[in-house]
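Undergrad: With the input below, show me the fold.
(chains A, B, C and D)
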Protein chains: 2
Amino acid sequence: MAGAHTGAMDLVVWRTFVTVCRLGSLSAAAAELHHTQSAVSRQIAGLERQLGVPLVERHARGVRPTPAGEAFRRHAQATLAEADRAVRAAREAGDGGAVRPLAVGATPSLAAQIVPAAVRGVLEAAGPVRWSLLPALSGQLHARVAAGDLDVGVVTDAPPGLPQDARVERRFLGLDEMVVVLPVGHPLAGPGPLPIAALAGRTWAEDNEGSAALLRRHAARAGVTARVDLAAADLPGKLALVATGHAVALVPGVLRAALRADVTAVPLVDPPSRGVYAITPRREPHPYAALLLDRLAACAAEGGLAPAAGRPAGPLPAPRAAPAAGARAQTA
Amino acid sequence: MAGAHTGAMDLVVWRTFVTVCRLGSLSAAAAELHHTQSAVSRQIAGLERQLGVPLVERHARGVRPTPAGEAFRRHAQATLAEADRAVRAAREAGDGGAVRPLAVGATPSLAAQIVPAAVRGVLEAAGPVRWSLLPALSGQLHARVAAGDLDVGVVTDAPPGLPQDARVERRFLGLDEMVVVLPVGHPLAGPGPLPIAALAGRTWAEDNEGSAALLRRHAARAGVTARVDLAAADLPGKLALVATGHAVALVPGVLRAALRADVTAVPLVDPPSRGVYAITPRREPHPYAALLLDRLAACAAEGGLAPAAGRPAGPLPAPRAAPAAGARAQTA
DNA sequence: CGCCGGCCATGCGCGCCCTGCAGGGCAGCC
DNA sequence: GGCTGCCCTGCAGGGCGCGCATGGCCGGCG
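TA: Presented below is the predicted three-dimensional model:
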């Protein structure tokens, strides 16, 4: 029991340092870890102060580990690997070795994008875990999580909002900003954010009354009206109407990567947005639920969800491990 | 690069868990780690929530690790050991393998007790490190630290107080409360705190004008006067006067364990106290300075220094690694 | 069988620390 | 020589971990 007792020893900082070494740049590491360069700089500085040894040489073109930094990095990687094993061993030994399948529910748009990616991360980190995915609306998912039928629900606070329930734990994942979908080659198709007024008078297609209401409210706020003249049964139907030039449409930003090739997505200025949350039952959470939540936060950030920039009542910005996916690198 | 990315992962919490397992009790672990039982309880609960698995069975007579907890403990110990190796490797590689001797300075009373113990801890954790100890008064030590001659100074804010200097980093270690030394068998000798008024009219011995001033001020605050009639050249001389029944004396609490057997120390109610600080140069700190500071904080707590209970302007209560030696276990 | 003592959990406030933001300095590069 | 990219740092805000106090629970003992 030597126990060097060397101070805080937050492994998150160690992981940051390893990333910095791998990328050779504080800024790059910050971007990859969804922090600001400032935070990474301070973390490394704090580590150096704690160890009493410079770990990186500051270069104008980036940083390079010192010999001490290189030695530390090797052991730090081993430490991180062992820590992962520790977490894994605890979780596997959790329910007597037989982990029950992880029951995940998500709204259709989220089930189509970030949820599978996050579960993949869990499988990579935890080995083979049986799981199931149930697409449903937020309200239904909430009820099933509260009842304990679902281990994790990925929901939005869209029109009706999420109910308050002491039985469920809620964690904010990010803000899903709606984007406009236009046919390829449309005159307004471009990279820049578009004011909704530029689309006044266009014919809109919708497949969902909630989405249509969101569109109307947003347009009204800008002083224009949006005529929803075409109805579709589902997302493919809606996109077909767009691709054939009959209408334009509003879709959740998370689906941007899942669109067909003959349409393009254009962001809006001050877009309508829905908060995305992961909910878990407070009673008997699944051993891997916390892990999945972390992966969800990471995937949400990488998948383009905004970090709660909403100025009114910014909800809980997620714990420090994956801190709300800090607004890109500040250099952006 | 798996990177389970499982949340905060503060190794301090892991160490707490290992200690809890070893002692089989949250309260006992709290006492050993100088935390409150509350903090340990929350740390373990947080760890369980993070892992999604119960780690200990709460028993009325203590706690016992679950199978998952036992599995986790094994890997956690390995992780802690590897982390220690990482820190050590970085420090050893620090100055190109040749670490310069650690120059420590301390006031005589502190040099006699907590400093050697703390350095012993450093040697155990870091292997053979050459070091030197310079006893001197706080002001001189401060100057030498500022100049870079000393790597670590252990000083008090006694009469003149510590100067402000941007070149030195200051860390609060604890409050050294003065105690009264009486001959063994003295009618007032007992465990309980003694009001200074009970000693009004006694003859006091002092070896140091600063200490005498402290005594007079404390007595005056209680409305009595302390006659310092006997002077001694040093601490042994002062204690000799006490042991032979000629006088009573005030000594720093840290020296309690170093007194001769024929005198006893009795605490005072609302005793005069001196803040104890570790100071280090901001420029080029010694690689092991931070480690020594942590050990100093631990030894200060174990050596009986009070954790800044001073109600007026509680100075910085030391970082979270060894958090100011939280006021004993609350059960005390 | 009832009282008691020890142990752990939890609501409440406070304070630290980490973070994001904005500005500055410095070194390559065209 | 100006510019650009990278890193450092003062400032302010907020999360959260801690200490404190209280409550519930169980086992032991008279």
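Undergrad: The residue of the stretch 101-250 of chain A found nearest chain B: what secondary structure?
TA: Taking Cβ to the nearest Cβ as the measure, the point where the stretch 101-250 of chain A comes nearest chain B is A:Ala125, at 4.0 Å. (Glycine included, C-beta is placed from N, CA and C.) A:Ala125 falls in the helix class when you classify it by DSSP: H, G, I helix; E, B strand; the rest coil.
Undergrad: pLDDT wise, what is it at?
TA: A:Ala125 is assigned 73 on the pLDDT scale.
Undergrad: I'd say it and A:Arg88 touch.
TA: Yes. Counting by Cβ atoms under 8 Å, A:Ala125 touches A:Arg88, with 7.4 Å between them.
Undergrad: Doesn't A:Val154 belong to a strand?
TA: Yes. Under three-state DSSP, A:Val154 falls within a strand.
Undergrad: hang on, it packs against A:Leu110?
TA: Yes. At 4.8 Å, A:Val154 counts as touching A:Leu110 under the criterion of Cβ under 8 Å.
Undergrad: What residues of the one helix or strand A:Ser38 maps to count as buried?
TA: Using DSSP states H and E, A:Ser38 maps to helix A:37-51. Neighbour-count burial for helix A:37-51, counted by 16 or more other Cβ atoms under 10 Å in any protein chain shown, picks out A:37, A:39-41, A:43-44, A:47-51.
Undergrad: Also stretch A:172-188?
TA: A:172-183, A:186.
Undergrad: what does the average pLDDT come to for stretch A:142-149?
TA: The predicted confidence, averaged over stretch A:142-149, sits at 83.
Undergrad: close to chain B, is it?
TA: No. Residues of stretch A:142-149 contacting chain B under Cβ under 8 Å from any Cβ of the partner chain: none, with a closest distance of 14.5 Å.
Undergrad: For that stretch, list the C-alpha coordinates in CSV.
TA: Output of stretch A:142-149 as CSV, limited to C-alpha atoms (Å, rounded to 0.1, in the frame of the first residue of the first chain):
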residue,chain,number,x,y,z
HIS,A,142,-41.1,8.4,-20.9
ALA,A,143,-43.9,6.3,-19.6
ARG,A,144,-42.0,3.1,-20.3
VAL,A,145,-38.8,4.4,-18.7
ALA,A,146,-40.8,5.4,-15.6
ALA,A,147,-42.3,2.0,-15.5
GLY,A,148,-38.9,0.3,-15.8
ASP,A,149,-39.7,-1.3,-19.1
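Undergrad: could you say what helices and strands whichever helix or strand A:Leu230 is part of packs with?
TA: Using DSSP H and E, A:Leu230 falls within strand A:227-231. In terms of contacts (3 or more Cβ pairs under 8 Å, 6 or more residues apart in numbering or on different chains; DSSP states H and E), strand A:227-231 is packed against strand A:203-206, helix A:209-221.
Undergrad: Just send these back as JSON lines, with mean neighbour count and mean pLDDT too.
TA: Below are these laid out as JSON lines (neighbours: other Cβ atoms under 10 Å in any protein chain shown; pLDDT from 0 to 100):
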{"stretch": "strand A:203-206", "mean neighbour count": "21", "mean pLDDT": "81"}
{"stretch": "helix A:209-221", "mean neighbour count": "17", "mean pLDDT": "77"}
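Undergrad: will you turn the ones you listed into CSV that also has distance to DNA strand D?
TA: Formatted as CSV, these follow (distance: least, Cβ to the nearest atom of the strand, whole Å):
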stretch, distance to DNA strand D
strand A:203-206, 35
helix A:209-221, 25
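Undergrad: which one of the ones you listed lies closest to B:Ile279?
TA: Distance to B:Ile279, taken as Cβ to Cβ, is lowest for helix A:209-221 among the helices and strands packed on strand A:227-231, at 59.1 Å.
Undergrad: quick one: contacts of that closest one?
TA: Under the criterion Cβ atoms under 8 Å, 6 or more residues apart in numbering or on different chains, residues A:158-159, A:178, A:196, A:200, A:204, A:206, A:225-226, A:228, A:250, A:268, A:271-272, A:274 lie in contact with helix A:209-221.
Undergrad: Which one's more surrounded, A:Val154 and A:Leu110?
TA: Higher neighbour count among A:Val154 and A:Leu110: A:Leu110, with 30 against 27, using other Cβ atoms under 10 Å in any protein chain shown.
Undergrad: A:Leu293 versus that one, what's the distance?
TA: The gap separating A:Leu110 from A:Leu293 is 14 Å, by Cβ to Cβ, to the nearest Å.
Undergrad: quick revisit: can you tell me which of the helices and strands packed on strand A:227-231 comes nearest to DNA strand C?
TA: DNA strand C sits nearest to helix A:209-221 of all the helices and strands packed on strand A:227-231, at 23.6 Å, using Cβ to the nearest atom of the strand.
Undergrad: sorry, back to before: narrow the buried residues of stretch A:172-188 to those in strands?
TA: Counted as lying in strands by DSSP state E, out of the buried residues of stretch A:172-188, are A:172-183.
Undergrad: could these be laid out in CSV, adding distance to A:Ala257 and pLDDT?
TA: Below are these laid out as CSV (distance: Cβ to Cβ, whole Å; pLDDT from 0 to 100):
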residue, distance to A:Ala257, pLDDT
A:Phe172, 22, 80
A:Leu173, 17, 80
A:Gly174, 15, 78
A:Leu175, 17, 79
A:Asp176, 13, 80
A:Glu177, 14, 80
A:Met178, 15, 83
A:Val179, 11, 85
A:Val180, 16, 88
A:Val181, 13, 88
A:Leu182, 16, 87
A:Pro183, 18, 81
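Undergrad: How is the nearest residue to A:Arg171 once chain neighbours are set aside assigned, secondary-structure-wise?
TA: What sits nearest to A:Arg171 in space, not counting adjacent residues and going by Cβ to Cβ, 6 or more residues apart in numbering or on different chains, is A:Ala278, at 4.9 Å. Put simply, A:Ala278 is strand when judged by three-state DSSP.
Undergrad: Show the low-confidence segments of chain A, by residue range.
TA: A:1-7, A:94-99, A:159-161, A:166, A:190-192, A:231-233, A:303-332 (pLDDT under 70).
Undergrad: Pop the domain breakdown of it in here.
TA: A:11-94, A:102-175+A:274-302, A:176-272 (automatic domain parsing).
Undergrad: Let me have those domains in JSON lines, extended by distance to B:His286.
TA: Conversion of the domains of chain A to JSON lines gives the following (distance: least, Cβ to Cβ, whole Å):
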{"stretch": "domain A:11-94", "distance to B:His286": "6"}
{"stretch": "domain A:102-175+A:274-302", "distance to B:His286": "38"}
{"stretch": "domain A:176-272", "distance to B:His286": "51"}
